[in-house]
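Chemist: Could you work out the structure for the sequence below:
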Amino acid sequence: MSLATKYDSQKAEQKWYDYWMENDFFKSVPDDRESYTIVIPPPNVTGVLHMGHMLNNTIQDVLIRRARLKGYNACWVPGTDHASIATEAKVVKKLKEQGIDKNNLTREEFLEHAWDWTHEYGGIILEQLKKLGASCDWSRTKFTMDDDMSASVIKVFVDLFNKGKIYRGYRMVNWDPQAKTTLSDEEVIYEERNGHLYHLAYDLKDSDDKVIIATTRPETILGDTAICVHPEDERYQNLIGKTVVVPIVNREIPIIADEYVDMEFGTGCLKITPAHDENDYKLGEKHDLEIIDIFNEDGSLNSYGLHYQGKDRFEVRKLIAKELEEKNYLVKKENHIHKVGTSERTKAVIEPRLSDQWFLKMEELAQPAIKAVREDIVELLPAKFKSTYFHWMENVRDWNISRQLMWGQRIPAYYYGDGKEDFVVAENIEDALTLRESELITTIYKNRI
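Modeler: Residues are numbered from 1 along each chain as shown. Alright, predicted model coming up:
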């Protein structure tokens with residue numbers, strides 16, 4: 001028998017991994033031993049694994065192998081994540097390269113392409129993990145869109161809905177105009193960008209005087225419904241309660257007072273556009289202001305955009321700034337660095353938008369997580385991040401869980417009319433029909449009483 005003159009690492013690794021597999025060394029069967037289980041944080045089927053995955057899974061492998069050596073019934077469950085918006089973005093990009101527009105496909109046709117992508121890259125990811133030597137129990141491999149996984153998601157959704165933890169509400173959400181879907185706060189990346197601060201003049205009604213406001217988004221003046229000043233700002237005390245005229249659109253709007261206004265920012269006068277800013281929306285609710293949404297779902301302007309209808313929001317920003325300058329409403333434009341929210345996946349600039357969406361109540365769910373860290377049941381390293389953690393968890397907002405996508409888990413809501421409340425939540429169509437019939441009987445009974 002001749003010995004190789006050079007060590008072939010790939011051949012040696014494959015030999016021993018095959019040996020492990022043939023002997024089921026990583027297979028876990030329930031017995032009397034104490035269990036030690038790791039469920040792999042499933043990699044997204046958006047492509048192939050990178051060095052971050054290699055590090056993360058190596059650490060898990062060390063832990064699970066150590067547990068086996070110590071006599072535990074060690075089980076490492078592998079799997080992949082369908083990664084709804086991320087995968088859909090990849091599939092849309094691939095289709096675009098092939099000259100196919102997602103909007104021209106039926107849901108079923110698009111899902112065929114999505115499953116093709118998943119089968120290709122999901123398989124590559126699992127093979128990469130094996131090449132890494134990951135000691136997973138491959139007989140337990142899961143995909144988050146497997147039938148039993150989807151059934152579990154639906155079951156939990158229905159349960160949480162029935163307990164009042166999940167609800168459908170009209171709220172300001174993060175809107176991705178490119179993917180045409182809502183995003184959770186965690187999917188929005190804030191980055192500093194160079195922009196401009198536009199100082200605009202609004203005519204005071206029945207007067208030659210003007211009110212100057214400062215804004216980074218001049219295109220949104222088309223949706224303005226008030227000007228707001230601080231009640232203690234001596235510069236504007238005489239203006240509270242008066243009316244100004246919005247440039248270009250010629251809409252008359254009131255001047256209101258609220259302590260929310262930062263007297264030091266810009267001119268101290270804040271334009272209020274309730275449909276396109278979360279803080280403006282809160283002020284709008286507080287002062288009963290009209291809500292005017294000027295954008296379509298793709299970020300272009302709708303009929304409220306007047307002669308800019310159909311044009312993209314960033315194109316309109318340049319055009320309206322020019323028109324304001326030509327009509328002597330632009331007092332000055334200065335360079336300004338500000339934070340802009342962008343989509344983690346498509347990189348599009350996020351648009352705050354009012355929409356009917358599904359939400360999960362978070363305040364009650366956050367309490368056990370806060371308690372675990374406060375009582376050192378869960379230890380954070382380094383400890384300095386405790387304060388950051390508590391800030392996050394104590395200020396958590398209800399989680400927007402609905403998405404306007406074709407790929408991914410579907411919300412088990414069955415609609416039977418045009419009203420906002422014309423739906424039932426059920427695990428399947430049969431249960432939905434039974435619930436609907438029950439609601440009809442209850443309604444008829446109440447009406448007779």
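
Chemist: Domain boundaries for the protein, per the record?
Modeler: Structural domains annotated on the chain: 9-145, 166-171+356-448, 187-343, as defined by automatic domain parsing.

Chemist: so how far is stretch 22-39 off the chain centroid?
Modeler: 37 Å (Cα atoms, centre = their mean, to the nearest Å).

Chemist: So which residues of the stretch 201-350 of the chain form strands?
Modeler: In the stretch 201-350 of the chain, the strands defined using DSSP state E, counting those that start in this stretch lie at 210-215, 226-229, 243-245, 252-257, 270-272, 330-343.

Chemist: any chance of the ones you listed in TSV, with mean neighbour count, mean pLDDT and distance to Ser387 too?
Modeler: Where C-beta positions appear, they are placed from N, C-alpha and C, glycine not excepted. Below are the strands of the stretch 201-350 of the chain laid out as TSV (neighbours: other Cβ atoms under 10 Å; pLDDT from 0 to 100; distance: least, Cβ to Cβ, whole Å):
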stretch	mean neighbour count	mean pLDDT	distance to Ser387
strand 210-215	19	94	33
strand 226-229	24	95	33
strand 243-245	20	96	43
strand 252-257	18	96	35
strand 270-272	26	95	31
strand 330-343	14	93	22
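
Chemist: can I get these in TSV with distance to Asp81?
Modeler: TSV is the format used below for those (distance: least, Cβ to Cβ, whole Å):
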stretch	distance to Asp81
strand 210-215	40
strand 226-229	44
strand 243-245	51
strand 252-257	47
strand 270-272	41
strand 330-343	18
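
Chemist: Can you say which of those is nearest to Leu354?
Modeler: strand 270-272 (14.2 Å; Cβ to Cβ).

Chemist: Next up, the contacts around the residue most central in space within the chain.
Modeler: Residue closest to the average C-alpha location in the chain (Cα atoms, centre = their mean): Leu183, at 1.9 Å. Applying Cβ atoms under 8 Å, 6 or more residues apart in numbering to Leu183 gives the contacts Ile85, Val173, Asn174, Trp175, Asp176, Ser343, Glu344, Ile350, Asn400.

Chemist: now for the strands of the stretch 201-350 of the chain, which one comes closest to Ile154?
Modeler: Comparison of these against Ile154 by Cβ to Cβ identifies strand 330-343 as nearest, at 26.9 Å.

Chemist: Just checking, which helix or strand succeeds that closest one along the chain?
Modeler: Next helix or strand after strand 330-343 toward the C-terminus (DSSP states H and E): strand 351-360.

Chemist: I'd like the average pLDDT over that next one.
Modeler: Average pLDDT, strand 351-360: 94.

Chemist: So what are the sheet partners of it and their directions?
Modeler: strand 166-176 (antiparallel), strand 399-400 (antiparallel) (DSSP bridges).

Chemist: what would those look like in CSV with distance to Asn428?
Modeler: Output for the strands paired with strand 351-360, formatted as CSV (distance: least, Cβ to Cβ, whole Å):
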stretch, distance to Asn428
strand 166-176, 18
strand 399-400, 25
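
Chemist: hey, where'd the helices end up in the chain?
Modeler: Per DSSP state H, the chain carries helices over the ranges 9-22, 51-69, 84-97, 107-132, 147-162, 278-287, 313-326, 363-374, 386-394, 429-448.

Chemist: how much distance is there from the second one to the middle of the chain?
Modeler: Chain-centre distance of helix 51-69: 30 Å, with Cα atoms, centre = their mean.

Chemist: residues in contact with that helix?
Modeler: Helix 51-69 has contacts (Cβ under 8 Å, 6+ apart) with 36, 38, 40-41, 43, 74-76, 128-129, 132-135.

Chemist: Where does pLDDT dip in this structure?
Modeler: Scanning the chain with the threshold set as pLDDT under 70 gives 1, 439-449.

Chemist: picking up where we left off before, would you mind putting the domains of the chain into CSV with distance to Val153 alongside?
Modeler: As requested, those are arranged in CSV below (distance: least, Cβ to Cβ, whole Å):
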stretch, distance to Val153
domain 9-145, 8
domain 166-171+356-448, 5
domain 187-343, 19
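
Chemist: Around the residue nearest to Gln357 when sequence neighbours are not counted, count how many other residues there are.
Modeler: Nearest non-adjacent residue to Gln357, counting by Cβ to Cβ, 6 or more residues apart in numbering: Ser402, 4.6 Å away. Using other Cβ atoms under 10 Å, Ser402 is surrounded by 17 other residues.

Chemist: cool, His230 as well?
Modeler: Other residues close to His230 by other Cβ under 10 Å number 21.
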